[in-house]
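In: prediction below, plus the sequence it came from.
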Amino acid sequence: MIQIIPLDQILPGMVLGAEVMSGSNMLLPLGTVINDVHIDSLRRCGVSEIVVLAPSELSAAEINEQREVLRERVERLFRRAGSNVTMQALRRAVLEYRLEKFK
């Protein structure tokens, strides 16, 4: 389940339920675990509220959907990597790091 929460009520450890955008620029990706630095940065960027996940209420289907969104995002980021071994290793590392949030 997602909730829209005013920035002044956000606590470190909350997980983003949607990307935080400023115009066409992504400030934070879906699934980011919020910390104090993120909160300060969002405040400076004029963000007034964000969408967070209520972790205790995530169903297996929602978790799988979020994993798939993350996989697609990483694949898109590395779409030009081709057969470059270094870039493929980096792609795997980024994907593993991002998916750790849903274990």
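Out: Received, thanks.

In: for this structure, what spans make up the helices?
Out: Ranges of helices within the chain are 36-44, 60-77, 85-99, based on DSSP state H.

In: among these, which gets the worst mean confidence?
Out: Between those, the lowest average pLDDT goes to helix 60-77, which shows a mean of 87.

In: pull out the buried residues from that one.
Out: Going by neighbour count (16 or more other Cβ atoms under 10 Å), the buried part of helix 60-77 is 66-67, 70, 73-74. For every residue, glycine as well, the C-beta is placed using N, CA and C.

In: who touches that helix?
Out: In this structure, residues lying in contact with helix 60-77 by Cβ atoms under 8 Å, 6 or more residues apart in numbering are 29-31, 91, 94-95, 98-99, 102.

In: need the pLDDT of Leu58.
Out: For Leu58, the predicted pLDDT is 64.

In: what do you get for Phe102?
Out: Looking at Phe102, its pLDDT reads 67.

In: next one: the residue nearest to the spatial centre of the chain from Lys101, what distance?
Out: Nearest residue to the geometric centre of the chain (Cα atoms, centre = their mean): Leu30, 2.5 Å. Per Cβ to Cβ, to the nearest Å, Leu30 is found 10 Å from Lys101.
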